[in-house]
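>>> Build me a model:
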Amino acid sequence: MRRMNLGACILGTFVACAALVNAGDAKSDSPSTTGGVVSAVYGSNIPADQVEFLSSGDRIVAATSSGSPSLIWETLEHGEKVECTSCISSVAPLIYDTNSEVREIAAWWLRRRMFGVFGPGEVYQQTLGTLASDANPTRRADAAYAIGEFLETSGIQAEATAISTDQDPGVRAAAAATLGRLNDDGAGALSKALGDTNSAVKLAALQSAGRVNTFSDVATVAKLTGDADPLVRRRTAEILDQMNAKDSVASLVTLAQKDSDANVRGAACHALGTIGDASAKGALTAIAANDSDGLVRDLAQMALLRM
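This is a model prediction of the structure:
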């Protein structure tokens, strides 16, 4: 492609944005109907069949009522930079769609709007209200996930409140998962979720503990090595592994030696190899020789080689 000079690039970008904002429902389903907009964005030397189609406002509205997840996804993805305030009322309900991919792409598209989503009383504020007070727990959970896709820090407190006060475990799990998306522990809310009575909430919190780059509450994570649910114990070992949690060696040795689930024992062996504490050598040597599961024996042996 021929390089445009800087002035042309800036001018082209301005022209494209102005055209899209001022003609929110402008026809843009094909290069032939975008004319100057395509030329401004892509330059004049690109064949029409190589230009990505832009979704028009009419197409966006039609797709939202089609019931086809693939069509909705494609249309909204190609409408990322198409400003269409009249489309917002058609897209916003999709954050509560039964299809998770539709919910995700709807929130993604809404997040990119310059107008009509983040003002007082608009979609984002309505979504916060749904999480806080809607009578339907499914809608509250969907709202929690949507808030994560909006990527606004003001949503962190809303998720933390849901973890502390919502009576539905599905909503608490959604809020815990969303803190990971927002890369924040919610001022201790994530640790609270790790102590929840529901396994789904704990698993969501463990996943987020592995995503939030400032999370450091190893002690609360390590307590879950004694959880009744083997999925929780296994995920706990994996997160302690990821955190290189040297203070959790004793708990991991207990899992590696005594847990009834081979997957948990294997995850604990791997974590011990990552941490590399020599105090675990004796236990790993015995496991490598005597465990009833061949994969666990192999993992113990590999852990020993890493020390």
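
>>> Against Glu149, how distant is the most centrally placed residue in the chain?
Among the residues of the chain, the smallest C-alpha distance to the mean C-alpha position (Cα atoms, centre = their mean) belongs to Arg181, namely 4.5 Å. According to Cβ to Cβ, to the nearest Å, Arg181 stands 7 Å off from Glu149. From N, CA and C alone the C-beta is placed, and that goes for glycine too.

>>> about what we covered before: just give me the neighbour total for the nearest residue to the residue nearest to the centre of the chain once chain neighbours are set aside.
Distances taken as Cβ to Cβ, 6 or more residues apart in numbering place Gly148 nearest to Arg181, at 3.6 Å, with adjacent residues excluded. When neighbours are counted by other Cβ atoms under 10 Å, Gly148 registers 22.

>>> Could I get the contacting residues of Gly148?
If you count contacts by Cβ atoms under 8 Å, 6 or more residues apart in numbering, Gly148 has them with Gly155, Glu159, Ala177, Thr178, Arg181, Leu182.

>>> what helix or strand does it sit in?
Using DSSP states H and E, Gly148 falls within helix 137-150.

>>> How far away from the center of its chain is that helix?
The chain centroid and the centroid of helix 137-150 are separated by 12 Å, computed with Cα atoms, centre = their mean, to the nearest Å.

>>> With stretch 244-256 instead?
28 Å.

>>> Just the C-alpha atoms of stretch 287-299, please, in CSV.
In CSV, the C-alpha atoms belonging to stretch 287-299 read as follows (Å, rounded to 0.1, in the frame of the first residue of the first chain):
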residue,chain,number,x,y,z
ILE,A,287,5.3,-39.6,45.7
ALA,A,288,7.4,-40.2,42.7
ALA,A,289,8.0,-43.8,43.9
ASN,A,290,4.7,-44.7,45.4
ASP,A,291,1.7,-42.7,44.2
SER,A,292,-1.0,-44.9,42.7
ASP,A,293,-1.4,-42.6,39.7
GLY,A,294,1.3,-42.7,37.0
LEU,A,295,0.8,-39.1,36.0
VAL,A,296,1.2,-37.9,39.6
ARG,A,297,4.4,-39.9,39.9
ASP,A,298,5.7,-38.3,36.7
LEU,A,299,4.8,-34.8,37.9
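
>>> circling back to that earlier point, between the contacts of Gly148, which has the most around it?
Counting by other Cβ under 10 Å, top hit in these: Glu159 with 31 neighbours.

>>> need the contact list for the closest residue to that residue other than its chain neighbours.
The spatially closest residue to Glu159, leaving aside those adjacent along the chain, is Ala175, at 4.2 Å (Cβ to Cβ, 6+ apart). When contacts are counted by Cβ under 8 Å, 6+ apart, Ala175 is found next to Leu131, Ala144, Glu159, Ala160, Ala162, Ile163, Asp166, Ala189, Ala193.

>>> tell me which element Ala175 falls in.
Secondary structure here is read from DSSP H and E; on that basis Ala175 sits in helix 169-181.

>>> do the same with Leu128
Mapping Leu128 onto the secondary structure by DSSP H and E places it in helix 123-133.

>>> Now do that helix: everything it contacts.
Where contact means Cβ under 8 Å, 6+ apart, the residues beyond helix 123-133 that reach it are 88, 92, 95, 110, 116-119, 139-140, 142-144, 146-147, 150, 152, 154-155, 158-159, 161-162, 171, 175.

>>> Just the buried ones out of those, please.
With neighbours counted by 16 or more other Cβ atoms under 10 Å, those contain buried members at 88, 92, 95, 110, 116-118, 139-140, 142-144, 146-147, 150, 152, 155, 158-159, 162, 171, 175.

>>> pLDDT weak spots in the stretch 1-150 of the chain?
Residue ranges of the stretch 1-150 of the chain with pLDDT under 70: 1-52.
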